[in-house]
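S.K.: pasting the structure only:
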């Protein structure tokens with residue numbers, strides 16, 4: 001199978017047998033699963049085709065596994081990048097979305113603050129410096145929203161360029 005590299009590497013939403021979002025994989029992986037009889041194509045990627053010497057196939061955008069796959073609860077790793085993605089690259093103190101972003105401890109480490117989803121927020125440099133090593137009350141600042149651990153589905157929603165075909169399966173419509 002000779003293909004255009006950009007088409008075969010496109011992102012495809014993989015659903016479990018019950019239409020629950022499982023993961024995002026490459027079009028290559030989705031096509032292999034379909035040819036093995038393990039998945040079916042639910043949505044195509046617009047008018048994109050994957051061509052072989054003899055045929056042309058629609059490029060998948062959403063595939064569904066034929067058999068239910070029990071998957072353990074997926075935890076999103078706590079990293080600086082993931083905190084910023086969770087907060088949509090927006091300062092949780094002033095709402096700014098421009099400029100370099102940092103991660104701030106709501107309860108400072110010196111005040112027994114921990115590295116948890118519930119204690120870390122995205123902050124612009126100005127607000128991070130203003131708050132410093134103080135609590136919100138001491139700095140006279142407020143959070144725009146309370147930080148919490150993201151679910152796997154919300155992380156997929158925020159971390160990928162969501163194709164319009166994916167929206168109903170990610171509970172976005």
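M.R.: Everything's here; your move. Since we're looking at a predicted model, the values are computed, not measured.
S.K.: give me the contact list for the lowest-mean-pLDDT helix or strand in the chain.
M.R.: Taking mean pLDDT, DSSP states H and E as the measure, the chain has helix 152-159 as its least confident helix or strand, at a mean of 72. Identification of contacts with helix 152-159 by Cβ atoms under 8 Å, 6 or more residues apart in numbering yields 13, 21, 24, 74, 76, 82, 85-86, 88, 150, 170-172. Glycine gets a C-beta too; all of them are placed from N, C-alpha and C.
S.K.: same question, stretch 107-119
M.R.: By Cβ under 8 Å, 6+ apart, stretch 107-119 touches 78, 83, 86, 105-106, 133-135, 146-150.
S.K.: give the buried subset of those residues as a PyMOL selection command.
M.R.: A single PyMOL command selects the buried members of the contacts of stretch 107-119 (16 or more other Cβ atoms under 10 Å):
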select buried, resi 83+86+105+106+147+150
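S.K.: closest one of the contacts of stretch 107-119 to residue 8?
M.R.: Among the contacts of stretch 107-119, residue 150 lies closest to residue 8 (Cβ to Cβ), at 29.6 Å.
S.K.: which ones are touching that closest one?
M.R.: Neighbour list for residue 150: 76, 82, 86, 117, 158 [criterion: Cβ under 8 Å, 6+ apart].
S.K.: same thing but at 10 Å, please
M.R.: Contact analysis of residue 150 by Cβ atoms under 10 Å, 6 or more residues apart in numbering lists 75-76, 82-83, 85-87, 117, 156-159.
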